[in-house]
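*Asks:* what's the 3D shape of this:
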Amino acid sequence: MTTQQLSLDLPVFLIRIVIVSFFSIGFIQFFQRIWNDVFDKPNPVRTTYWGKRLLLTVLTVVLGTLIHLDAMWFIHNDSAIIYHNWALFVLILPLLFDGFSKLELGIQIAALVSIWVMHHDPNLFEPAILIAFVVYILLIILLKRFRHEIMRNWWLGVLGASVLSALFWFTVPVHSMGMHVTVEWALQAVILYTLMVAFVLGYWIRQYREDQHRRRLERLADYERGVEHNSYADHQQELQTIFSTAQANESKLSFATFDLDNLKAINDRFGRLAGNAVLLGVAELMKQLLADSKVDYQLFLTSGEEYNVIFPGRSAHDVLPIVSACWQGIRKSEFAYEDRFITVTTSVGVTEVRQDDTTINSLYKRADDALLKSKQAGKDTITIDGEIVVENRHEKDLSEYCYFSQGVYDVQDDQLPMYYHELLLRTYDATQKRWILPDYFEIPVWMQITLLKELMAHTSIQRFNLNLTAAQFNDIEVAQALTQFANSSEGPEQLSIEITDLKDSQTTRRISALYRSVNMKILIDDVGSDNSFELVSGALPYVNGIKFAMQNLRQSTSEDELAERVAFWFKIAQKNQLNFILEGVETEAELAMAKSLGIPYVQGYFFGKPAPVKS
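*Replies:* Modelled structure (predicted):
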């Protein structure tokens, strides 16, 4: 066996980096795939589980050792640098993965120790080499200990690889394994290993994060499917048994239902998976808080945004501190989705068993009634059998809100003048430094009026259309405040109300009488999409107009079908002597269609996007 001094040839050196990185990426992906089958599947197939787990050890310990021995025995030219570094990489790779037993981890570390011993045999017991060896082992332990930090911080892995390689190669004796290892050769080996790890780790961490993100999305998507199989009907027998036992023993039993506020707004703003992230986070938080309470309970997730808790042996007031802790925990928490942190509140209804209750459904009904009162009280509230016991009356900051205007234009005039402003609520996001859709649309009526007054001062067009949620439209106090303002000297020339969520025609009839008394008009939005003809038809006698939103159907409907629907609803409006507004006009062709049908009013991005009104 002869020794050969190695020298640096830059083109060859770069080719070596590419070659070793290429093979390392392929190896790490193959290793990851097998590791996923062994450790990341909920129910792995037992017949192949141990075989694949053994294969992981073979892939690293056996393959890494064989590569090293092959280079030691047969390769003494400048190609040896590739093989020795690749062997070191293969042996260190498992340190970045979870799941291995102490025995498997011991075998991995023993293989790394054996590589050190074989390379350093001539100077193994020199004091400086022994110190370097101890640091080498400590660094290996640190890599294992902080593997998760490495997956989040690429530079930590590169730094660790550089130090580990330097400890290894700069302590190798001059005559080692058939090679003449000079300082230049050691430096080349360290640079090669560091650059290889930098490239491979960077690529792998990106793939790893994408894989983790995909798995998180799958988990979030699975939450909905899991809730679908965790319905009230599935637990009916269990709940009835608990209820019957309490009645037979004349013992206490309490029931609480938690319903998240404004989850639809979260879904609309961030997407359904963001909503699922909140739902999953709330479920995990409630399980933790209920477990910490040290009382008997059963938690049931019976719908997408509803959590029901039953407390055997406890009265409603006994469990109020626990319910309050859950309520406070939810409203004070932030639930992460991608790079966002979402907050949410919950309304709660609580009741307890009574002697005249015959089934668990009696508790459900009273809890639902209490929950409804919490919602009607402004949400973020706890109600026990009709009595509001905890509520959050935080004062909202007016400066955080603003009305944007989207014009409604008169097609009957060739100049297409703006006829009135549709008011769209926005809130300021300090993080993004821009106005965005709010999570919470149900701001107090005094704030709506104040924001409207501010906007009135900046425009000569004093006709406005104000959007109300279903809860706001059904609220008598809101109607009284708006009608009083509209009828006052401070009010605008015309104030109309626009509603999207129709509950029933009888509610519309009662509320519309208040608005009609001061000549305020009511419009139904999103007819033909969110509001079907069957739902709308009963309310038509009590409203003044309807709006058809083309943007809601554009993706799922052909141009011809969309035109037919527009014509159908325009005829409905004409038949019932109602105003008709075509919303979502974005092109010259859509404007021409509106004109050809004789539609009087249009709005949409063709005229510009919603924006604040300025003088």
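
*Asks:* avg pLDDT for stretch 198-212?
*Replies:* Computed over stretch 198-212, the mean pLDDT rounds to 78.

*Asks:* Stretch 331-349 too?
*Replies:* 82.

*Asks:* if I look at the nearest residue to residue 146 once chain neighbours are set aside, how far off is residue 147?
*Replies:* Nearest in space to residue 146, with sequence neighbours left out and distances taken as Cβ to Cβ, 6 or more residues apart in numbering, is residue 156 at 7.2 Å. Every residue, glycine included, has its C-beta placed from N, CA and C. Applying Cβ to Cβ, to the nearest Å, the value for residue 156 to residue 147 is 10 Å.

*Asks:* which residue ranges form the helices in the stretch 151-300 of the chain?
*Replies:* 154-169, 183-228, 232-249, 263-270, 272-292 (DSSP state H, counting those that start in this stretch).

*Asks:* Would you mind saying which of these lies nearest residue 15?
*Replies:* helix 183-228 (11.0 Å; Cβ to Cβ).

*Asks:* rewinding a little: for the residue nearest to residue 146, what are its contacts?
*Replies:* 146, 149, 150 (Cβ atoms under 8 Å, 6 or more residues apart in numbering).

*Asks:* Going by distance to residue 369, which of those residues wins?
*Replies:* Nearest member of the contacts of residue 156 to residue 369, counting by Cβ to Cβ, is residue 149, at 51.2 Å.

*Asks:* would that closest one count as being in a strand?
*Replies:* No: according to DSSP: H, G, I helix; E, B strand; the rest coil, residue 149 belongs to no strand; its state is helix.

*Asks:* quick check: longest strand of this structure.
*Replies:* Determined from DSSP state E, the single longest strand within the chain is strand 418-429.

*Asks:* Can you list the strands that the helix or strand following that one pairs with?
*Replies:* The C-terminal neighbour of strand 418-429 among helices and strands, as given by DSSP states H and E, is strand 434-436. Strands that pair with strand 434-436, judged by DSSP bridges, come out as strand 418-429 (antiparallel).

*Asks:* which of the residues in the strand it pairs with are buried?
*Replies:* Using 16 or more other Cβ atoms under 10 Å as the burial criterion, the residues of strand 418-429 that qualify are 418, 419, 420, 421, 422, 423, 424, 425, 426, 427.

*Asks:* now for those residues, which pair is the farthest apart?
*Replies:* Across those (Cβ to Cβ), the longest gap, 27.0 Å, separates 419 and 427.

*Asks:* where along the stretch 251-400 of the chain do the strands fall?
*Replies:* In the stretch 251-400 of the chain, the strands defined using DSSP state E, counting those that start in this stretch lie at 253-260, 298-303, 306-312, 335-337, 340-342, 346-352, 381-384, 387-391.

*Asks:* Distance to residue 474 and mean neighbour count added to the ones you listed, as TSV?
*Replies:* Shown next, in TSV, are the strands of the stretch 251-400 of the chain (distance: least, Cβ to Cβ, whole Å; neighbours: other Cβ atoms under 10 Å):
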stretch	distance to residue 474	mean neighbour count
strand 253-260	17	24
strand 298-303	22	17
strand 306-312	21	22
strand 335-337	29	18
strand 340-342	27	14
strand 346-352	16	26
strand 381-384	17	26
strand 387-391	18	15
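
*Asks:* Which of these sits closest to residue 70?
*Replies:* Among these, strand 335-337 sits nearest to residue 70 (Cβ to Cβ), with 47.7 Å.

*Asks:* Identify the bridge partners of the residue nearest to residue 278 when sequence neighbours are not counted.
*Replies:* Spatial nearest neighbour of residue 278, chain neighbours left out: residue 335 (4.6 Å); criterion: Cβ to Cβ, 6+ apart. Assessed by DSSP bridges, residue 335 has beta-bridge partners residue 342.

*Asks:* same deal with residue 464?
*Replies:* Where residue 464 sits in a bridge, its partners, by DSSP bridges, are residue 421, residue 495.

*Asks:* Could you give the number of residues near it?
*Replies:* Neighbourhood size, residue 464 [other Cβ atoms under 10 Å]: 22.

*Asks:* Would you check that it makes contact with residue 498?
*Replies:* No: when contacts are counted by Cβ atoms under 8 Å, residue 464 is not listed as touching residue 498 (10.2 Å).

*Asks:* overlap in contacts of the two?
*Replies:* The contact sets of residue 464 and residue 498 overlap at residue 422 (Cβ under 8 Å, 6+ apart).

*Asks:* What's the end-to-end length of stretch 450-469?
*Replies:* Counting by Cα to Cα, to the nearest Å, you get 18 Å between the two ends of stretch 450-469.

*Asks:* what comes into contact with it?
*Replies:* Here stretch 450-469 has contacts from 398, 401-403, 405, 408, 418-425, 441-442, 448, 478, 482, 490, 492-501, 523, 525, 613-615, using Cβ under 8 Å, 6+ apart.

*Asks:* re earlier: in TSV, list the strands of the stretch 251-400 of the chain along with distance to residue 30.
*Replies:* Formatted as TSV, the strands of the stretch 251-400 of the chain follow (distance: least, Cβ to Cβ, whole Å):
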stretch	distance to residue 30
strand 253-260	44
strand 298-303	39
strand 306-312	43
strand 335-337	32
strand 340-342	35
strand 346-352	47
strand 381-384	55
strand 387-391	56
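
*Asks:* does residue 480 count as helix, strand or coil?
*Replies:* Quick answer, by three-state DSSP: residue 480 is helix.

*Asks:* Thank you, goodbye.
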